[in-house]
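> What follows is a predicted structure for the sequence shown.
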Amino acid sequence: MASTVQTFRDIREKLAEGGPLSPDEGLSLYESCDLHTLGELANIVRERLHGRIVYYNSNLHVNYTNYCVLRCKFCSFYRPFPKEQTQTTAGSDRTDSTPRGKPAANEPGTPTRRDDGYELSVDEVVSRAKEAYSRGATEVHVVGGLHPGLPFSYYTDLCSRIRDACPHMHIKAFTAIEIIHFTRISRPRLSIKEVLTNLRESGLGSLPGGGAEIFDDRVHDETFKTKVGEAEWFDVHRTAHELGMYTNATMLYGHVETPAERIKHLIKLRDHQEESLRSSGAGFNCVVPLSFIPEHTELSHLPGPGGLDDLKTLALTRLICHNIPHIKAFWVMQTPKLAQVSLNWGVDDLDGTVGQYDITRREGDGSTQQALTVDRLERLIVEAGCTPVERDTLYRRVIRDETSWRIEGEPWSVAYKA
Ligand code: V47
């Protein structure tokens, strides 16, 4: 068997020539304890692509409902929809509905409560987006559970009303799983292409990467059996790419999957990217490895990944997905401190200010706000020896002064109150 030193030497040569890592090379890197060399290798790729730049954005996440027809074991966010309400709301137009319930906010240390379901009215989502836009946010990221009662018009209205209220705000919304759900609830039933086209005409700009989890049948059956599988996830992203729409891709790691299954997942993303870039031009903008947070889930007996595993996984993602431009550490899941360290392990993006996030919540963090200021994001980046660059969703530079922002190369600008 080749020594670790020899393996690293071979891989370093291959990377210098721009070659892709094989699954075996990925696995031997993951299994090696030499975390520093792994970081150094990942940084060869990252610096070739971006130098010392680290991107962040000024954004708002909105989770419009936690009602969901799925029962994913890794998820602490979903709430079952009360049966009688399914009958009264299914098929009805609830675009101006008042919110039911309140955002889930289990106190740390308390058992998961199943009685705090909520759905936000379109008015409420628009008002949150408007507030963020008026303070200079360039992106709204909207995702939610698979609500059994909201009609497809809720989602198209949501996009068109945000577009009308916030004309230059990029709407990144709906995971592939939600898009499949929309094909099922639309009347007459629409195809993936028709759903995406309708949403795009209503203002949708791009798709986030959620819902991918781990592309493996065993892991799928064990942890998210009721959710559609990888074929449908890729169908949605393929169709989006064919329509010229950029998307992101995630990997939820640190639960029941093995390191080899993680690597297989990343290779599938890389292969898909190759296909998309060859045939459509649009593709994945970034990979977002999501660190599993076990609290309040059916998998709460698992420890979740430690910091070293986080770093190794982020570095491996950079090395394996060499044809996907950006690797994002979503600081809400990796924590700001770990995300900062990862900037020297291949990561070049930190997501953004976020504003509020309801899908996951770490034990010990009792606040309902999960937000960072631009100052804090920039400080994290500078302390890591990197150069912060504010980007929009499509990784174009945002040029900002105290009262307005614009995108490099665009003729318009947006006034805001700092
Ligand atoms: O699809 C659910 C994951 C995802 C847990 O595209 C969990 O830029 C950890 O996709 N522990 C939603 N993860 C979030 C997401 C995302 C976030 C930030 C940026 C982007 C992007 C995408 O969160 C879900 C699921 O994979 N998730 N539960 C959990 N307990």
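That came in fine, so what should we check first?

> Tell me the gap between stretch 185-200 and the middle of its chain.
22 Å (Cα atoms, centre = their mean, to the nearest Å).

> end to end, how far does it reach?
Using Cα to Cα, to the nearest Å, the end-to-end distance of stretch 185-200 comes out at 18 Å.

> Looking at it now, give me its mean pLDDT.
Across stretch 185-200, the average pLDDT comes to 98.

> how about the residues of the protein near the ligand?
Within reach of the ligand by Cβ under 6 Å from any ligand atom, the chain has these residues: 74-76, 175, 208-211, 213, 248, 250, 252, 288, 290, 292-293, 297, 330, 333, 351, 359-360. In short, each C-beta sits where N, CA and C put it, glycine included.

> which ones are touching the residue nearest to residue 292 when sequence neighbours are not counted?
Of all residues not flanking residue 292 in the chain, residue 254 sits nearest, at 3.9 Å (Cβ to Cβ, 6 or more residues apart in numbering). Listed by Cβ atoms under 8 Å, 6 or more residues apart in numbering, the contact set of residue 254 reads 291-292, 302, 304-305, 309-310, 313.

> want to throw the residues you listed into CSV with distance to residue 275?
Shown next, in CSV, are the contacts of residue 254 (distance: Cβ to Cβ, whole Å):
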residue, distance to residue 275
291, 28
292, 28
302, 34
304, 33
305, 30
309, 30
310, 29
313, 24
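
> Tell me the one of those residues nearest the ligand?
For the contacts of residue 254, the residue nearest the ligand by Cβ to the nearest ligand atom is residue 292; the value is 4.6 Å.

> And the strands in the protein?
53-57, 59-63, 139-143, 170-173, 204-206, 247-253, 284-291, 326-327, 349-352, 387-390, 398-400, 404-407, 414-415 (DSSP state E).

> so where is this structure shaky, pLDDT-wise?
Residue ranges of the chain with pLDDT under 70: 1-4, 84-115, 363-369.

> Okay, domains of it per the record?
Domain assignment for the chain by automatic domain parsing gives 4-50, 53-407.

> winner for burial among those domains?
Burial of those is given as mean neighbour count (mean count of other Cβ atoms under 10 Å); domain 53-407 ranks first at a mean of 19.

> Pull the distance from that domain to the chain's centre.
Distance, stretch centre to chain centre, for domain 53-407: 4 Å (Cα atoms, centre = their mean).

> Begin at 685 from now on, thanks
Let's use 685 as the start, then, which means that last one is domain 737-1091.

> ok and the residue in the stretch 835-984 of the chain nearest the ligand?
Going by Cβ to the nearest ligand atom, the ligand is nearest to residue 894 of the stretch 835-984 of the chain, at 2.6 Å.

> contacting residues around the residue nearest to that residue when sequence neighbours are not counted?
Of all residues not flanking residue 894 in the chain, residue 859 sits nearest, at 3.6 Å (Cβ to Cβ, 6+ apart). Neighbouring residues of residue 859 by Cβ under 8 Å, 6+ apart: 827, 891-895.

> Any figure for the gap between residue 859 and residue 912?
Counting by Cβ to Cβ, to the nearest Å, the gap from residue 859 to residue 912 is 11 Å.

> could you list every residue that touches the closest residue to residue 986 other than its chain neighbours?
Taking Cβ to Cβ, 6+ apart as the measure, residue 986 lies nearest to residue 978, with 5.1 Å between them; neighbours along the chain are not counted. Taking Cβ under 8 Å, 6+ apart, we find residue 978 in contact with 939, 984-988.

> Which of the contacts of residue 859 sits closest to residue 695?
Nearest to residue 695 among the contacts of residue 859, counting by Cβ to Cβ, is residue 893 at 26.4 Å.

> what residues are up against the closest one?
Listed by Cβ under 8 Å, 6+ apart, the contact set of residue 893 reads 859, 931-934, 968, 970-972.

> would you list these in TSV and tack on distance to residue 800?
Below are the contacts of residue 893 laid out as TSV (distance: Cβ to Cβ, whole Å):
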residue	distance to residue 800
859	22
931	31
932	29
933	31
934	25
968	34
970	32
971	32
972	27
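
> if we can go back for a sec, export the contacts of residue 978 as a markdown table, with columns for distance to residue 1070.
Shown next, in a markdown table, are the contacts of residue 978 (distance: Cβ to Cβ, whole Å):
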| residue | distance to residue 1070 |
| --- | --- |
| 939 | 30 |
| 984 | 35 |
| 985 | 37 |
| 986 | 33 |
| 987 | 30 |
| 988 | 27 |
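
> Mark which of these are part of helices, please.
Among those, no member is found in helices (DSSP state H).

> Can you tell me how far the nearest residue to residue 755 once chain neighbours are set aside is from residue 917?
Leaving out its chain neighbours, the residue that sits closest to residue 755 by Cβ to Cβ, 6+ apart is residue 910, at 5.4 Å. Using Cβ to Cβ, residue 910 is found at 14 Å from residue 917.

> can you check residue 863 too?
Residue 863 sits 9 Å away from residue 917, going by Cβ to Cβ.

> Ramachandran coordinates for the closest residue to residue 945 other than its chain neighbours?
Distances taken as Cβ to Cβ, 6+ apart place residue 900 nearest to residue 945, at 4.7 Å, with adjacent residues excluded. The phi and psi values for residue 900, taken as degrees, to the nearest 10, are phi -160, psi 130.

> Might one say that residue 900 is in contact with residue 950?
No - contact criterion Cβ atoms under 8 Å: residue 900 and residue 950 do not qualify, at 11.8 Å.

> what sits against the residue nearest to residue 814 when sequence neighbours are not counted?
Excluding the flanking residues, the one nearest residue 814 by Cβ to Cβ, 6+ apart is residue 849, at 4.9 Å. For residue 849, the contacting residues are 810, 813-814, 817, by Cβ under 8 Å, 6+ apart.

> contacting residues around residue 857?
824-827, 839, 842-843, 883, 888, 891-892.

> can you rerun that using 7 Å?
Applying Cβ atoms under 7 Å, 6 or more residues apart in numbering, we find residue 857 in contact with 825-827, 843, 888.

> Turn the residues you listed into CSV, including distance to residue 872.
Formatted as CSV, the contacts of residue 857 follow (distance: Cβ to Cβ, whole Å):
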residue, distance to residue 872
825, 30
826, 25
827, 25
843, 20
888, 20
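
> And stretch 905-914, end to end?
End-to-end span of stretch 905-914 (Cα to Cα): 12 Å.

> For that stretch, give me every contacting residue.
Contact with stretch 905-914 is made by 754-758, 861, 864, 897, 899, 904, 939-940, as judged by Cβ under 7 Å, 6+ apart.
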